[in-house]
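[1] Could you look at this predicted model? Sequence included:
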Amino acid sequence: MIIRFFKASYFSRLIALLLLIFVLWIPEPLFLTSITSTFYLPIALWLQQILAILLFFLTALFFNKTVAEKRLSERNSYLTAFFFILIGSGTVFLTQLTPFLPATFFFAFFYQKVFNFQNSSKIIATSFDAGLLLGLASLFYPPVALMIIFVWVALLVYQIGQWRAYVSNFLGMLIPWFFLLSGYLWIRKLPEVQSDFIQYFHVSGFRNPFISNYDLALFLLVALTSLIATFYLVGKLSSFNISMRQHTLVGLWSLFFCSLIVFLFARHTQALMLTALPAALVISAFFSRIKKLKWANFFVLLWMLFIFVNHFLPLFHAA
């Protein structure tokens with residue numbers, strides 16, 4: 001029922017996605033007081049949340065379009081956007097305007113450029129654009145720059161042997177940082193920024209960052225579902241054509257590298273937003289290939305109910 005509903009691309013599905021985001025993102029500023037790590041923009045809190053909702057919604061739509069074009073899910077569907085919304089809105093601490101949200105927005109464009117490696121007639125320019133978008137995303141969370149390794153792996157998967165393509169994406173990634181650091185050098189604040197920048201790359205010790213057991217349970221649910229979807233897709237690789245096999249491998253590698261960076265360097269649980277895109281890609285590719293949807297729909301329904309409980313149960317405790 002739910003999966004089949006979002007497999008279609010009718011306008012009603014688009015409205016349903018937008019309403020789902022509003023329902024899950026509105027309680028945080030209106031009823032709860034746990035907002036942390038925001039941009040602290042000089043505007044009202046509710047307006048910040050509206051901006052966050054719009055940015056999140058645009059990210060979902062653009063990434064859904066990219067995944068559908070590469071046939072990783074149904075061509076005419078909103079399935080990837082739906083799972084991205086579930087993953088990116090599951091826990092309360094994600095539904096805030098944090099630096100990780102615009103980083104994820106640039107990530108969506110970055111993934112499009114990476115998937116375009118396969119049939120690009122101007123691979124050096126495409127690789128440069130991917131590096132530039134990665135550099136913009138890393139301005140909001142510097143460890144994301146390590147995804148340059150993923151870009152090189154993607155070039156290998158797509159069997160691109162031009163050495164200039166490997167160099168051009170690295171140079172593209174450096175350009176946003178060149179302008180930013182030049183600005184700090186001009187105002188003589190580069191030493192302060194440099195020390196803060198290095199701290200981002202300190203490996204975080206193993207600890208449980210979740211305050212709520214519901215948040216931990218939802219994280220484990222997404223992680224387990226992503227793992228099952230990964231093993232399923234790996235088992236199906238031999239049955240895919242070359243184009244689909246390459247795109248699927250790139251999607252799986254993106255989930256691996258992104259999860260590794262967040263696990264090693266994240267100091268805030270909000271960094272999990274960065275894994276929402278590759279996780280949504282893998283999970284939507286998995287559910288779009290399931291023929292018998294009875295139990296799959298039941299699982300997704302329980303997942304949605306669990307998310308609603310996690311968001312709205314604190315309101316009853318507050319009362």
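    Arrived safely, thanks for sending.
[2] quick one: contacts for Phe57?
    Counting by Cβ atoms under 8 Å, 6 or more residues apart in numbering, Phe57 makes contact with 17-18, 21. Every residue, glycine included, has its C-beta placed from N, CA and C.
[3] ugh, wrong one, Met147
    110, 134, 257-258, 261.
[4] Could you check how far stretch 79-91 is from the centre of its chain?
    Chain-centre distance of stretch 79-91: 9 Å, with Cα atoms, centre = their mean, to the nearest Å.
[5] Dump the contacts of Phe57 into CSV; add secondary structure as well.
    Below are the contacts of Phe57 laid out as CSV (DSSP: H, G, I helix; E, B strand; the rest coil):
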residue, secondary structure
Leu17, helix
Leu18, helix
Ile21, helix
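[6] Go through these and name the one nearest Leu301.
    Leu301 has its nearest neighbour among the contacts of Phe57 in Leu17, at 16.4 Å by Cβ to Cβ.
[7] Quick check: strands, which of the contacts of Met147 are part of them?
    Among these, no member is found in strands (DSSP state E).
[8] Now the two most distant members of those residues.
    Phe110 and Ile261 (13.6 Å).
[9] Compare the two and say which is more crowded by neighbours.
    Using other Cβ atoms under 10 Å as the criterion, Phe110 and Ile261 rank with Phe110 on top: 27 against 21.
[10] Would you confirm that that one contacts Ala137?
    Yes. In this structure, Phe110 is within contact of Ala137 by Cβ atoms under 8 Å, at 6.2 Å.
[11] now the helices for this protein?
    Taking DSSP state H to define them, one finds helices in the chain at 2-6, 11-25, 27-31, 45-69, 79-89, 100-115, 123-140, 148-157, 163-186, 190-199, 213-236, 242-265, 276-287, 294-318.
[12] ok, of those helices, where does mean pLDDT dip lowest?
    Mean pLDDT per stretch puts helix 27-31 lowest among the helices of the chain, at a mean of 63.
[13] For the most centrally placed residue in the chain, list the residues it contacts.
    The centre of the chain sits closest to Leu277, judged by Cα atoms, centre = their mean, with a distance of 2.9 Å. Residues in contact with Leu277, defined by Cβ under 8 Å, 6+ apart, are 59, 63, 84, 104, 107-108, 111, 254, 258.
[14] For Arg164, list the residues it contacts.
    So Arg164 contacts Ile124 (Cβ under 8 Å, 6+ apart).
[15] Correction: the previous question concerned Ser226.
    Neighbours of Ser226 in contact, by Cβ under 8 Å, 6+ apart: 255, 279, 282-283.
[16] Which of these sits closest to Leu51?
    Of all the contacts of Ser226, Ala279 has the smallest distance to Leu51: 23.8 Å, by Cβ to Cβ.
[17] Next one: the residue nearest to that closest one when sequence neighbours are not counted relative to Ile283, how far apart?
    Nearest in space to Ala279, with sequence neighbours left out and distances taken as Cβ to Cβ, 6 or more residues apart in numbering, is Ser226 at 4.9 Å. Here the criterion is Cβ to Cβ, to the nearest Å. By it, Ser226 lies 6 Å from Ile283.
[18] same deal with Leu174?
    33 Å.
[19] Ala108 now?
    From Ala108 across to Ile283, the span is 16 Å (Cβ to Cβ).
[20] What separation is there between Phe115 and Leu264?
    25 Å.
[21] These two: who's more crowded?
    Applying other Cβ under 10 Å to Phe115 and Leu264 shows that Phe115 carries more neighbours, namely 24 against 13.
[22] centre of the chain versus stretch 245-260, how much separation?
    Counting by Cα atoms, centre = their mean, stretch 245-260 comes out at 12 Å from the chain centroid.
[23] Contacts for that stretch next, please.
    The contact list for stretch 245-260 (Cβ under 8 Å, 6+ apart) reads 70-72, 111, 114-115, 118, 146-147, 149-150, 153-154, 157-158, 226, 230, 233-234, 237, 240, 274-275, 277-279, 281-282, 285.
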